[in-house]
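Colleague: model the structure of this input:
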Amino acid sequence: MDMDQTPPPGKYAATVKVGPKGQIVIPKGARELFDIHPGDTLLLLADANQGIALMRQETLDQIIMQAMPGHQTPVDSEGDEE
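Modeller: Numbers count the residues shown, from 1 in each chain. Below is the predicted model of the structure:
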């Protein structure tokens, strides 16, 4: 895709630079598209042949719930359940 063209709805493309600490900034357009906010937890998936992907933690939780009916997601240490 030509980076000067507007991507189709629901798609986003950009280049980012890796900083000295190995960090990247998720561009505003991508954050808006995926409703990502400061403090959100993202899951990073990496494969030497296929590359790197990010997904929202909630998406992984939904996949687990579908794959393992009756499975309870862990409650954080501040939760009421033990």
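
Colleague: low-confidence ranges, this protein, go.
Modeller: The model of the chain has pLDDT under 70 over residues 1-5, 71-82.

Colleague: what are the ranges of the helices in it?
Modeller: With DSSP state H as the criterion, the chain has helices at 28-33, 57-67.

Colleague: mind putting these into JSON lines with distance to Asn49 and mean neighbour count?
Modeller: No exception for glycine: its C-beta is placed from N, CA and C like everyone else's. Below are these laid out as JSON lines (distance: least, CB to CB, whole Å; neighbours: other CB atoms under 10 Å):
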{"stretch": "helix 28-33", "distance to Asn49": "23", "mean neighbour count": "13"}
{"stretch": "helix 57-67", "distance to Asn49": "21", "mean neighbour count": "12"}
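
Colleague: quick one, which of these is nearest to Leu45?
Modeller: With CB to CB, the closest approach to Leu45 among the helices of the chain belongs to helix 57-67: 9.3 Å.

Colleague: what about the strands in this protein?
Modeller: With DSSP state E applied, the chain shows strands at 42-47, 51-56, listed in chain order.

Colleague: what about the closest residue to Pro27 other than its chain neighbours, neighbour count?
Modeller: Distances taken as CB to CB, 6 or more residues apart in numbering place Ala14 nearest to Pro27, at 4.7 Å, with adjacent residues excluded. By other CB atoms under 10 Å, the residues close to Ala14 number 12.

Colleague: state the distance from Ala14 to Met65.
Modeller: Ala14 is 32 Å from Met65, where distance means CB to CB, to the nearest Å.

Colleague: could you do Ile26 as well?
Modeller: To Met65, Ile26 is 26 Å away according to CB to CB.

Colleague: please apply the same query to Thr59.
Modeller: Counting by CB to CB - Thr59 and Met65 are separated by 11 Å.

Colleague: centroid residue for the protein?
Modeller: With distances taken as CA atoms, centre = their mean, the residue of the chain nearest its centroid is Met55 (2.6 Å).

Colleague: which residues does that residue contact?
Modeller: Counting by CB atoms under 8 Å, 6 or more residues apart in numbering, Met55 touches 42-43, 45.
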